[in-house]
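# Whatever this is, show me its structure:
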Amino acid sequence: MHPLLFFRCRPVLGAADAIGFGDLKSPTDLQVLNNYLAFKSYIEGYMPPQVDMAVFEAVSSPQPANLYNALRWYNHIKSYEKEKASLPGVKKALGKYGPANVEDTTGSGATDSKDDDDIDLFGSDDKEESEEAKRLREECFAQYESKKAKKPALVAKSSLLLDVKPWDDETDMAKLEECVRSIQADGLIWGSFKLVPVGYGIKKLQIQCVVEDDKVGTDMLEERITAFEDYVKSMDVAAFNKI
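Modelled structure (predicted):
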């Protein structure tokens with residue numbers, strides 16, 4: 001559960017209330033520290049103040065694996081040990097920190113420890129936490145999908161330079177160009193051209209075009225161009241560049 005959704009209520013402390021973790025040397029005191037840190041990153045607040053360093057020094061050594069909350073906290077605070085002098089806050093007596101253990105001062109009997117348990121006003125059982133996490137995850141996913149849907153898809157394009165060779169020097173090159181440009185398709189744009197000598201008075205048509213990769217392929221262009229068999233002997237791709 002998000003830390004801001006977890007609210008703790010405790011009884012108002014009187015003069016006879018006992019507060020603190022104890023001396024943090026016994027297994028019982030360390031278990032109290034472990035339970036206290038179940039929903040906390042620090043002893044107080046949301047950054048490592050001097051209070052955490054005071055409790056850290058009292059603990060003095062890493063905790064066993066079964067006290068995983070205390071062990072996690074210990075290893076984290078240990079990373080601040082070299083800069084402890086610069087941490088905010090003022091160290092107080094160790095007994096000033098930790099959970100409240102309210103004593104019965106009215107003579108009506110000991111307070112049931114269960115009554116002193118934290119009250120989670122928003123519900124903290126595993127089922128509700130799972131439902132809350134699921135709701136937040138679904139909201140984030142919906143926002144992502146909405147942004148993704150609004151973002152225009154990137155269209156992959158390529159620039160091609162085609163060599164179209166005629167049968168001989170008597171081929172009508174103007175007509176050959178006209179035939180090539182007559183090929184129309186979605187995602188195909190013809191560009192400039194020039195006639196390039198290849199020898200023996202023969203010239204080839206060199207023509208540029210831009211294609212959308214998903215819609216127009218070089219095999220399709222070759223098939224359509226060479227279909228003008230009265231004018232075209234062959235077609236080759238002279239240059240291919242992604243845009």
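# alpha carbons only for contacts and neighbour counts from here, please
Fine.
# can you pull out the strands in this protein?
With strands called from DSSP state E, the chain shows them at 18-19, 100-101, 157-166, 188-199, 202-212, 232-242.
# Make a markdown table out of the ones you listed and add mean neighbour count, distance to Asp172 and mean pLDDT.
Formatted as a markdown table, the strands of the chain follow (neighbours: other C-alpha atoms under 10 Å; distance: least, C-alpha to C-alpha, whole Å; pLDDT from 0 to 100):
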| stretch | mean neighbour count | distance to Asp172 | mean pLDDT |
| --- | --- | --- | --- |
| strand 18-19 | 16 | 102 | 43 |
| strand 100-101 | 16 | 100 | 52 |
| strand 157-166 | 20 | 9 | 96 |
| strand 188-199 | 13 | 12 | 95 |
| strand 202-212 | 20 | 10 | 96 |
| strand 232-242 | 15 | 10 | 95 |
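# which residues does Val232 bridge with?
Judged by DSSP bridges, the bridge partners of Val232 are Pro166.
# Surely it and Val164 touch.
Yes - counting by C-alpha atoms under 8 Å, Val232 sits close enough to Val164 to count as a contact (6.8 Å).
# hang on, the earlier thing: could you export the strands of the chain as TSV, including distance to Leu67?
As requested, those are exported to TSV (distance: least, C-alpha to C-alpha, whole Å):
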stretch	distance to Leu67
strand 18-19	21
strand 100-101	20
strand 157-166	59
strand 188-199	68
strand 202-212	61
strand 232-242	59
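# Identify whichever of the ones you listed lies nearest to Val59.
Of all those, it is strand 18-19 that lies closest to Val59, at 17.1 Å by C-alpha to C-alpha.
# the longest helix in this structure is where?
The residue-count maximum for a helix in the chain (DSSP state H) belongs to helix 126-150.
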